[in-house]
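[1] I would like the atomic coordinates for the input below:
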Amino acid sequence: MADPTPSNASTLPTASAGEFLATFAIVLATIVGFLVGIARLSRHFQTGYLYWYALVMILGVFGLMTWQLWPDLTSLLARLGAR
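    Have a look, this model is predicted:
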């Protein structure tokens, strides 16, 4: 009787669906655990200091621009009011 497997067939073992799902679950649990750890660490940095820093920087730039452009703004407003 002839062998039903062709001679050029791969000899690598095939994984069952259950083995694949178990491996996938382990990899997924590892990734989720890593992301949860990163979230726990990043929670300590989210204290609001960054928002205050950004607000103060924006107000500072606005104040500096106003201070530097005030002579031009007053002359422009005076010309517009004279019309």
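[2] give me the pLDDT for Phe20.
    Phe20 carries a pLDDT value of 86.
[3] helix or strand: which one has it?
    For Phe20, the host element (DSSP states H and E) is helix 17-43.
[4] just how off-centre is that helix within its chain?
    Put simply, helix 17-43 sits 19 Å off its chain's centre (CA atoms, centre = their mean, to the nearest Å).
[5] also stretch 66-80?
    Counting by CA atoms, centre = their mean, stretch 66-80 comes out at 42 Å from the chain centroid.
[6] now could you export just the CA positions of stretch 34-48 as PDB?
    Output of stretch 34-48 as PDB, limited to C-alpha atoms (Å, rounded to 0.1, in the frame of the first residue of the first chain):
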ATOM      1  CA  PHE A  34       2.900  45.500  31.000                       C
ATOM      2  CA  LEU A  35       0.400  48.200  30.000                       C
ATOM      3  CA  VAL A  36      -1.200  48.200  33.400                       C
ATOM      4  CA  GLY A  37       2.200  48.600  35.000                       C
ATOM      5  CA  ILE A  38       3.000  51.600  32.800                       C
ATOM      6  CA  ALA A  39      -0.400  53.100  33.600                       C
ATOM      7  CA  ARG A  40       0.300  52.800  37.300                       C
ATOM      8  CA  LEU A  41       3.700  54.400  37.000                       C
ATOM      9  CA  SER A  42       2.400  57.300  34.800                       C
ATOM     10  CA  ARG A  43      -0.400  58.000  37.300                       C
ATOM     11  CA  HIS A  44       2.200  59.500  39.600                       C
ATOM     12  CA  PHE A  45       3.300  62.000  37.000                       C
ATOM     13  CA  GLN A  46      -0.200  63.300  36.200                       C
ATOM     14  CA  THR A  47      -0.500  65.700  39.100                       C
ATOM     15  CA  GLY A  48      -1.500  68.800  37.200                       C
END
